[in-house]
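Undergrad: based on what follows, work out the 3D shape:
(2 chains)
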Amino acid sequence: MTSSDAAIETTTLRVRRGGVEVLHGVELRVPPGQLVGLLGPSGSGKSTLMRAIVGAQRIDGGEVRVLGERAGSPALRRRVGYVTQAPSVYDDLTVAQNLAYFARILGAPRSDVARVLDEVDLAPLAGRLVSRLSGGQLTRVSLGIALLGSPRLLVLDEPTVGLDPVLRRDLWRLFARLAASGVSLLVSSHVMDEARRCDRIVLLYQGSVLADLTPEELLRSTGTTDADDAFLALVAGAGR
Amino acid sequence: MNGRRTIATTVRVLTQVRHDPRTIALLLLVPSLLIGLMSWIFSGTSVFEVVGPALLGLFPFTVMFLITSITTLRERRGGTLERLMTMPMGRADFILGYALAFGLIAVVQALIAVGYAVWVCGLTVAGDPWLLVLVAVVNALLGTTLGLFVSAFARTEFQVVQFMPALVFPQILLGGIFIPRDRMPDVLRIISDWLPLSHSIAALQKVAADANSTSEVLGELAIVGWFALAFVVLASITLRRQTR
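TA: Residues are numbered from 1 along each chain as shown, chains lettered A, B, ... in the order given. Have a look, this model is predicted:
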């Protein structure tokens, strides 16, 4: 596989925010059709990296290529689905009205709204105002919007944070199903335990990539049995 | 620019307003209530004949400024704007979508306010009352575009509301309602020449006072239109796809 096949490829990506460099030459590669977990503690630069990938963050060095194009190029605006940490939805519209609006903006077929409602399991709540949804339902509306127009790449910023275990399991199953259908996914989390649900894991620590490996490799290389311990071992190794 | 996205945005904004009946009632009824109060206060004098037309321009400007600045601030803070900017959404689609939605509300608001002022409060209008409606709607668009621009400089709703005394009140004071502009001190008169609201108030007063003023009214209105256009350009600069 040549490097141009990658869904996401960053080379020596540097980003400064408020005069401080928050990403120090990040090299990230997301192979097509894989579910890649972007893991790291709060403040490690995960959101900034994701914003750079969707073209919302100005970069100060290096390169970000997404589906063969420069990040943020107009051709990508239909092909990349993005979910920010805050559920970016209109709370004075119903679930269906939110989806219908974003579908029109994307030029997605009308039937997409019903398809997405099923995929995120919100069909029974289609007519409910978003302001009256629970936190988990809100997250799923936001995720549903990202699925409109069947994008080839999904960039999801902490989509499972604060959700109950059942919902988290359901979402990770959905992610795996999407990856199996050929969609590439980059999903961030600060819950290390979610690492084992990914095809690959990228550990981001203080603005640099600490490791890029499979879940099995992570546990084997650190001689640990759970992801939290593995991560702590890697951080300790990096400090030396 | 894309018609489908502009219209989709207009429909979306109007749907949001529709889910809020209290706001609709306030939008449509408060101007008429205040105009009625004014005419009652000044009953038996000729003051209402001077101030009444100006009020028809002030309400749409002030109200649409507030509503637009707060709703677009929410879009900026809530992440929906960032989401739209990662989609194939043009900045012009966003601004025009808003302008069209609030312009439509302004048409209804102006029809009610002008009808109430003329038929219930007995405001005498020498010119064409439809011109009053037109000026009111252009004022609403002015308020909407200024609100879109100003929302970029506020971080909270508290700050946005404070922009009203800062940006709107001076225009009202200098607009020629309290004292004709040609009787103001020179410096203030020159400043008032450069404020859009002065020209819309002049337009409204001309419609009310003179039956043959249509071309002058349209001239004043064109100046207001240029200001609105300038705010559109400034607002579109503040809608960035990329931020630091």
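Undergrad: list, one by one, the residues from chain B near chain A.
TA: B:4-5, B:8-9, B:11-12, B:15-16, B:19-20, B:78-80, B:82-89, B:241-244 (CB under 8 Å from any CB of the partner chain). All C-beta spots, glycine's among them, are computed from the backbone N, C-alpha and C.
Undergrad: in ChimeraX, how would I select the buried members of those residues?
TA: This is the ChimeraX syntax for the buried subset of the residues of chain B next to chain A, where burial follows 16 or more other CB atoms under 10 Å in any protein chain shown:
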select /B:5,8,9,11,12,15,16,19,78,79,80,82,83,84,85,86,87,88,89,241
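Undergrad: so which of the residues of chain B next to chain A are in helices?
TA: Mapping these onto helices (DSSP state H) picks out B:4-5, B:8-9, B:11-12, B:15-16, B:78, B:80, B:82-85.
Undergrad: for A:Arg14, state which of the residues you listed is nearest.
TA: Distances from A:Arg14 to these, taken as CB to CB, are shortest for B:Glu82 (21.4 Å).
Undergrad: is it true that that closest one touches A:Thr84?
TA: Yes. Using CB atoms under 8 Å, B:Glu82 is in contact with A:Thr84, at 6.4 Å.
Undergrad: all strands of chain A, in order?
TA: A:8-17, A:20-30, A:35-39, A:61-66, A:69-70, A:80-83, A:153-156, A:184-189, A:200-205, A:208-213 (DSSP state E).
Undergrad: adjacent strands (with direction) for the last one?
TA: When you say that, I think you mean strand A:208-213. Sheet pairing for strand A:208-213, assigned by DSSP bridges, gives strand A:200-205 (antiparallel).
Undergrad: with just CA atoms, put the strand it pairs with into CSV.
TA: Taking Å, rounded to 0.1, in the frame of the first residue of the first chain, the C-alpha atoms of strand A:200-205 are listed here in CSV:
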residue,chain,number,x,y,z
ARG,A,200,-5.1,0.5,15.7
ILE,A,201,-4.3,2.9,18.6
VAL,A,202,-2.4,6.1,18.4
LEU,A,203,-1.3,7.4,21.8
LEU,A,204,-1.0,11.2,21.9
TYR,A,205,0.8,12.6,24.9
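Undergrad: quick one: contacts of that strand?
TA: With contact meaning CB atoms under 8 Å, 6 or more residues apart in numbering or on different chains, strand A:200-205 is reached by A:26, A:28, A:30-31, A:34-41, A:44-46, A:49, A:195, A:209-215, A:218, A:231, A:234-235, A:238.
Undergrad: buried stuff in it?
TA: Neighbour counts over strand A:200-205 (16+ other CB under 10 Å) mark A:Arg200, A:Ile201, A:Val202, A:Leu203, A:Leu204, A:Tyr205 as buried.
Undergrad: ok, what's across the strand from the first one?
TA: This points to A:Arg200. Beta-bridge partners of A:Arg200, as defined by DSSP bridges: A:Val36.
Undergrad: quick check: it vs chain B, distance?
TA: Using CB to the nearest CB, to the nearest Å, we find A:Arg200 at a distance of 24 Å from chain B.
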